[in-house]
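**Q** next come a sequence and a model predicted from it.
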Amino acid sequence: MRFTVILLALVLTACSRGAGSGVSPSQRSNGGLVFFDDFNGSALDSAWTVVRRRGPASQKENACNTLDAVAVSGGSVNITTSAKPATCDDAVTRPARLPYTSGDIQWTNTSFTYGTVEIRAKLPPSDSRTWPAIWLLGANCQAANLVNGAEGVPFKGCAAQGDAGYQEIDMVECDGRGWCHMVLAQGRNGWGPLCQFPVSDEFHVFKLVWTPSTVSLSLDGAAPVCSFPNTSLKRPMFLIMQTQTTEPGGLGPPDDAKLPTTFQIDYVKVTQP
């Protein structure tokens with residue numbers, strides 16, 4: 001009997017810590033833990049999908065998102081950007097030979113409305129001139145984003161930027177406009193202003209709090225560094241983490257001498273009240 005109790009306790013503990021373990025819809029509706037992944041395995045859980053396509057040409061992106069640019073090791077998921085040419089396309093763009101490869105992962109099926117997103121991560125160095133981002137996109141774009149990054153036209157249920165059905169939270173975005181910043185796209189209300197905050201080349205804990213009235217971000221447990229009114233972000237969203245590169249005239253180009261460089265994510269935790 002004692003052996004059975006111990007075995008049951010071990011099973012319950014393992015289930016509670018399971019990397020990438022999604023939470024059932026009934027649990028989500030009751031609040032609490034929505035999602036948790038500490039990347040302690042050797043591969044991504046099925047809760048994640050690696051995006052395999054080019055970055056949007058409309059944003060002058062010039063990297064292929066490839067499977068081999070994403071690896072799980074040392075207790076983190078590592079997204080590596082390299083000056084390694086590859087050929088890729090997407091649903092609206094012809095195949096092209098691009099000068100860089102990088103990684104992009106998104107939730108496969110999970111989405112949520114309102115809550116707290118906590119992520120411990122180490123961004124690539126700012127002098128790499130890459131474009132790392134942790135962001136949320138409307139769940140109506142979850143299928144479309146896998147095959148098409150273009151945001152200017154509707155595609156597979158995903159509204160175009162500026163339409164009422166388009167919503168985006170750039171929780172942590174770092175590029176030539178500011179290393180780093182948060183910005184929102186709230187449907188027909190358009191893009192809000194950039195809220196900039198400095199980030200060093202070390203691990204940091206980023207915490208987004210999304211409520212019906214506000215969207216705010218704090219860094220390493222301090223007071224919020226950014227806060228915006230929530231006017232239109234009222235529907236389910238899903239998580240994306242990636243590093244992009246762009247051509248001259250975009251938000252780059254990268255410094256090839258600083259490549260390869262890696263974006264490391266230690267854990268992702270999403271909760272609701």
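**A** Ah, there it is.
**Q** what about the residue nearest to G157 when sequence neighbours are not counted, which SS state?
**A** With C-beta to C-beta, 6 or more residues apart in numbering as the criterion, G157 has its nearest non-adjacent residue at 5.1 Å, and that residue is N140. Using the backbone N, CA and C atoms, a C-beta is placed for each residue, glycine as well. Secondary structure for N140, judged by DSSP: H, G, I helix; E, B strand; the rest coil, is helix.
**Q** ok, now G221?
**A** Reduced to three states by three-state DSSP, G221 is coil.
**Q** show me what contacts it?
**A** V205, K207 (C-beta atoms under 8 Å, 6 or more residues apart in numbering).
**Q** isn't C141 up against G157?
**A** Yes - the pair formed by C141 and G157 meets the contact definition of C-beta atoms under 8 Å, at 7.4 Å.
**Q** more neighbours: which of the two?
**A** Taking other C-beta atoms under 10 Å, C141 and G157 do not tie; C141 has more neighbours (25 against 13).
**Q** is the residue nearest to the more buried one when sequence neighbours are not counted bridged to anything, and to what?
**A** Counting by C-beta to C-beta, 6+ apart, C158 is the residue found nearest to C141 once chain neighbours are left out, at 3.6 Å. Beta bridges link C158 to F155, judged by DSSP bridges.
**Q** okay, C158 and G152: tell me how far apart.
**A** Using C-beta to C-beta, to the nearest Å, C158 is found at 11 Å from G152.
**Q** please apply the same query to V172.
**A** Distance, V172 to G152, using C-beta to C-beta: 24 Å.
**Q** more neighbours: the two, which one.
**A** Neighbours were tallied for V172 and for G152 using other C-beta under 10 Å; the higher tally belongs to V172 (23 against 12).
**Q** helix or strand for that one, just tell me which one.
**A** V172 belongs to strand 167-175 when assigned by DSSP states H and E.
**Q** elements contacting that strand?
**A** Here strand 167-175 touches strand 115-122, strand 131-138, strand 178-186, strand 203-210, strand 214-219, going by 3 or more C-beta pairs under 8 Å, 6 or more residues apart in numbering; DSSP states H and E.
**Q** so who does W135 touch?
**A** W135 neighbours (C-beta under 8 Å, 6+ apart): E168, I169, D170, M171, V172, E173, L239, I240, M241.
**Q** which one among those gets closest to G187?
**A** E168 (9.6 Å; C-beta to C-beta).
**Q** ok, now how distant is F39 from T261?
**A** F39 sits 19 Å away from T261, taking C-beta to C-beta as the criterion.
**Q** do the same with G252
**A** In terms of C-beta to C-beta, G252 sits 13 Å off from T261.
**Q** so what sits against both of the two?
**A** Common neighbours of G252 and T261, using C-beta under 8 Å, 6+ apart, are T130.
**Q** who does the residue nearest to A43 when sequence neighbours are not counted form a beta bridge with?
**A** Of all residues not flanking A43 in the chain, V72 sits nearest, at 5.5 Å (C-beta to C-beta, 6+ apart). Counting by DSSP bridges, V72 is bridged to V77.
**Q** and V72, what does it touch?
**A** Here V72 is in contact with F39, G41, S42, A43, L44, N78 (C-beta under 8 Å, 6+ apart).
**Q** one more pass at 10 Å, please.
**A** By C-beta atoms under 10 Å, 6 or more residues apart in numbering, V72 lies in contact with 19-20, 37, 39-45, 48, 78, 265.
**Q** any chance of TSV for the residues you listed, columns distance to A57, pLDDT and neighbour count?
**A** Output for the contacts of V72, formatted as TSV (distance: C-beta to C-beta, whole Å; pLDDT from 0 to 100; neighbours: other C-beta atoms under 10 Å):
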residue	distance to A57	pLDDT	neighbour count
A19	34	45	20
G20	32	52	22
D37	31	98	25
F39	31	98	23
N40	37	97	15
G41	35	95	15
S42	34	95	8
A43	31	97	14
L44	27	98	19
D45	31	95	15
W48	25	98	23
N78	26	98	17
I265	27	98	22
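**Q** mind checking the end-to-end distance for stretch 80-90?
**A** Start-to-end span of stretch 80-90 (C-alpha to C-alpha, to the nearest Å) is 20 Å.
**Q** quick one: mean pLDDT for it?
**A** For stretch 80-90, mean pLDDT is 97.
**Q** go on, stretch 149-164?
**A** 87.
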